[in-house]
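Peer 1: Sequence unavailable; structure follows:
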């Protein structure tokens, strides 16, 4: 009846609409039992299932007895409490060193030891939050410039 999304998660794709619907007159009625859920609703349910599996992966990673020596942006974010995009911002600003010399379109790896030592330093964390704040401030500055009202004088 449902569509399997991930292990142990099933999403049902139909909903009960009503027992009867009238067509032309009240005398002629046709039963209508189910109507398919809109695609957007199904997509929302699939995103919720994907989020659940990501949070399960996060818990599994954080509960490891021995962390790996290198980790991805997502795993580094889990260790420090940032999201994957914020880790990329910190790496681009040279606040977080990447391992080796990866290809420009390749996956970047981070040293787990460097992440843990940086996360234990409150000054480093404060600087990291400031770098992220400034990044979004500059990135969104064009939006603020477009929404500022103009001071034109009204002519009668």
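Peer 2: Yep, it's here. As the structure is a computational prediction, the values presented were derived from the model and not from experiment.
Peer 1: Which segments of the chain make up each domain?
Peer 2: For the chain, the structural domains run 1-17+31-63, 66-146, going by automatic domain parsing.
Peer 1: Please work out which of these is packed deepest.
Peer 2: Comparing the domains of the chain by mean neighbour count (mean count of other CB atoms under 10 Å), domain 66-146 ranks first with a mean of 14. (C-beta placed from N, C-alpha, C; glycine too.)
Peer 1: Which residues lie in contact with the closest residue to residue 80 other than its chain neighbours in this structure?
Peer 2: Nearest residue to residue 80, sequence neighbours excluded (CB to CB, 6 or more residues apart in numbering): residue 119, at 4.8 Å. Residues near residue 119 by CB atoms under 8 Å, 6 or more residues apart in numbering: 79, 80, 81, 125.
Peer 1: now do 10 Å
Peer 2: By CB atoms under 10 Å, 6 or more residues apart in numbering, the contact set of residue 119 is 76, 79, 80, 81, 82, 125, 128.
Peer 1: which residues of this structure score low on pLDDT?
Peer 2: For the chain, the stretches with pLDDT under 70 are 1-42, 44-46, 48, 51-52, 144-156.
Peer 1: ok, now with 90
Peer 2: 1-79, 81, 95-108, 119, 139-156 (pLDDT under 90).
Peer 1: Helices along that one, start to end?
Peer 2: Using DSSP state H, the helices of the chain run over residues 39-62, 73-80, 84-92, 112-119, 122-139, 141-147.
Peer 1: counting contacts, what elements does the third one pack onto?
Peer 2: The reference is to helix 84-92. Helices and strands touching helix 84-92, by 3 or more CB pairs under 10 Å, 6 or more residues apart in numbering; DSSP states H and E, are helix 73-80, strand 110-111, helix 122-139.
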